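**Q** only geometry, no sequence info:
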Ligand code: SAH
Ligand code: SF4
Ligand code: F3S
């Protein structure tokens, strides 16, 4: 490295997006300047995802493109979930990589950077046996109005298809006091919308003597002056308790949206997946939400083609989405992953069959969303304004139930709406977004 310049590209989930904000802050603090392209930077970092095979391949494609740039002063780093999963094998697959580090080692980032600066070309951070969480005062957030706050890292579940327990290590919760301090600091700087993050936020347990559970933490964050919306992701149905819905019910600052991944509607498949709940236990949680005094939007994740999934199992999943009527969902074709229990399972479903099932599922869900969104035409919703789409001449807003509501606005404050909250009347609805007019 001749210049302290860096470029970072991030793949994967919100946890990774937020880790990158912390890594960027740490680099800036150390005197590095951020570049917009990998060509312009001396230090190129990829924060990687390995949840499905396709995600994992992306980083190796990127590294391949830049093979020849190495040796001309460019240094490459692979961090995140592929780094933790593949470890030192990455140095063999891509010899121009000089840093391989998983998320549980980011507290040691300053030491690892010092080694790179000293010319070490094989620096690793792969230990998972840390008790620490990666809280840093240097986090550089991309958005001044909406912020992620990590509350728990890692995962102690062992879903048969999932790499996360191997790539992010055991669960570690932050203290309630440090979460509150960060949320207050954000509110003080004008941020009004926060999202509490973890692979399983419901198993949050404050390690300090206060011993808060997740519902308590959620309620407390919702009481901070200046915070207008609090979201959280992701919930595991097994640990999702009624107190969470009671907290949402009691305070409208807690957003009307719960993402509760079901994965399958078949008890046989749920059992094989080691999800630790039955369909009827999951549906009890849906009932709590449907019985709340405010309507709560419900979204989910579904995997099709898990080993052994029969046509009957798949039909059970279709019946479940019709019964719940999700506001939206993410559907994935099962992807066999290293280290996981499902990798060795018999009856792997053929790729064409997975494709057929996911197409049917998405088509059914699309019809549900068209129907549900159309029913909201004429209603007024408060949006948090996220920006402007110049091409369409519209502002982009988000409702408390996490829907995109694009709207026109002809007030005097035409240019500076981003970050404000406005009432908008819904005039049109598509499957994935709503269109409206502001009432001001
Ligand atoms: N902690 C979160 C999951 C994060 S991964 C939770 O428990 O909900 C996000 C989603 O990716 C999962 O909900 C699952 O639907 C999907 N997923 C995980 N592993 C997968 C695999 N091997 N193949 C296909 N989809 C997978
Ligand atoms: Fe993966 Fe299951 Fe943990 Fe979610 S709860 S991260 S799906 S092991
Ligand atoms: Fe991917 Fe790691 Fe997130 S595997 S989904 S980046 S936890």
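**A** Here it is on my side, so go on. In this text, all values refer to a predicted model and were calculated from it rather than measured experimentally. Numbers count the residues shown, from 1 in each chain. Ligands and ions are numbered 1, 2, ... in the order given.

**Q** what's the first helix or strand after the worst-scoring helix or strand of the chain on mean pLDDT?
**A** Least confident element among the helices and strands of the chain, by mean pLDDT, DSSP states H and E: helix 53-65 (a mean of 94). Heading C-terminal from helix 53-65, the first helix or strand you meet, by DSSP states H and E, is strand 75-80.

**Q** which strands and helices lie in contact with that following strand?
**A** helix 14-29, strand 43-48, helix 53-65, strand 97-101 (3 or more Cβ pairs under 8 Å, 6 or more residues apart in numbering; DSSP states H and E). The C-beta positions use only the backbone N, C-alpha and C, and glycine is treated the same way.

**Q** sheet partners, orientation included, of it?
**A** Applying DSSP bridges to the sheet, strand 75-80 is found paired with strand 43-48 (parallel), strand 97-101 (parallel).

**Q** ok, then the element right after that strand?
**A** Next along the chain after strand 75-80, taking DSSP H and E as the criterion, comes helix 81-86.

**Q** okay, buried residues for whichever helix or strand comes after that following helix please.
**A** Downstream of helix 81-86, the first helix or strand assigned by DSSP H and E is helix 89-93. Neighbour-count burial for helix 89-93, counted by 16 or more other Cβ atoms under 10 Å, picks out 90-91.

**Q** and helix 89-93, how far from the chain's centre?
**A** 28 Å (Cα atoms, centre = their mean, to the nearest Å).

**Q** how about stretch 159-177 and ligand 1, touching?
**A** Yes. Using Cβ under 6 Å from any ligand atom, stretch 159-177 reaches ligand 1 at 161-162, 164.

**Q** gap between the two ends of that stretch?
**A** End-to-end span of stretch 159-177 (Cα to Cα, to the nearest Å): 31 Å.

**Q** mind showing which ranges of this protein have poor pLDDT?
**A** Applying pLDDT under 70 to the chain flags residues 69-71, 412-415.

**Q** can you list the residues of it near ligand 1?
**A** Counting by Cβ under 6 Å from any ligand atom, the positions of the chain adjacent to ligand 1 are 51-52, 161-162, 164, 199-200, 234, 236, 261, 263, 301, 303, 332, 334-335, 337.

**Q** hang on, the earlier thing: so which of the helices and strands packed on strand 75-80 is nearest residue 291?
**A** Across the helices and strands packed on strand 75-80, residue 291 has its closest neighbour in helix 14-29 (28.5 Å, Cβ to Cβ).

**Q** list the buried residues in the closest one.
**A** Across helix 14-29, burial judged by 16+ other Cβ under 10 Å covers 15-16, 18-27.

**Q** now stretch 33-49
**A** Buried residues in stretch 33-49, counted by 16+ other Cβ under 10 Å: 35, 38, 41-49.

**Q** is ligand 3 within reach of that stretch?
**A** Yes. Residues of stretch 33-49 are located near ligand 3 by Cβ under 6 Å from any ligand atom, namely residue 49.

**Q** coming back round to it: in strands, which of the residues of the chain next to ligand 1 fall?
**A** Among these, DSSP state E puts 301, 303, 332 in strands.

**Q** just the buried residues out of those residues, in PyMOL syntax.
**A** A single PyMOL command selects the buried members of these (16+ other Cβ under 10 Å):
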select buried, resi 303+332
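
**Q** now, which of the ones in strands among the residues of the chain next to ligand 1 sits nearest residue 421?
**A** In terms of Cβ to Cβ, no member of these lies closer to residue 421 than residue 301, at 29.1 Å.

**Q** count of neighbours near the residue lying closest to that closest one once chain neighbours are set aside?
**A** Using Cβ to Cβ, 6 or more residues apart in numbering and skipping residues adjacent in sequence, the residue nearest residue 301 is residue 261, 3.8 Å away. Number of residues near residue 261 (other Cβ atoms under 10 Å) recorded here: 19.

**Q** how much space between residue 261 and ligand 3?
**A** 12 Å (Cβ to the nearest ligand atom, to the nearest Å).

**Q** what sits against that residue?
**A** Contacts for residue 261 were tallied using Cβ atoms under 8 Å, 6 or more residues apart in numbering; they are 234-237, 300-302.

**Q** out of these, who's near ligand 2?
**A** When contact is defined as Cβ under 6 Å from any ligand atom, these meet ligand 2 at residue 236.

**Q** let's have the contacts of residue 261 in JSON lines, adding distance to ligand 3.
**A** Below are the contacts of residue 261 laid out as JSON lines (distance: Cβ to the nearest ligand atom, whole Å):
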{"residue": "234", "distance to ligand 3": "10"}
{"residue": "235", "distance to ligand 3": "15"}
{"residue": "236", "distance to ligand 3": "14"}
{"residue": "237", "distance to ligand 3": "18"}
{"residue": "300", "distance to ligand 3": "16"}
{"residue": "301", "distance to ligand 3": "11"}
{"residue": "302", "distance to ligand 3": "15"}
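
**Q** list buried residues within the contacts of residue 261.
**A** Of these, these count as buried by 16+ other Cβ under 10 Å: 234-237, 300, 302.

**Q** among those residues, find me the one that's closest to residue 343.
**A** Using Cβ to Cβ, these come closest to residue 343 at residue 302, 20.1 Å.

**Q** report the contact partners of the residue of the stretch 201-350 of the chain found nearest ligand 2.
**A** Ligand 2 sits closest to residue 236 of the stretch 201-350 of the chain, with a gap of 4.9 Å, by Cβ to the nearest ligand atom. With contact set as Cβ under 8 Å, 6+ apart, residue 236 has these partners: 157, 200, 202-203, 261.

**Q** got the residues of the stretch 51-200 of the chain near ligand 2?
**A** Residues of the stretch 51-200 of the chain lying near ligand 2 (Cβ under 6 Å from any ligand atom): 155, 157, 159, 162, 164-165, 199-200.

**Q** hang on, the earlier thing: for residue 410, find the nearest of the helices and strands packed on strand 75-80.
**A** Closest of these to residue 410 is helix 14-29, at 34.1 Å (criterion: Cβ to Cβ).
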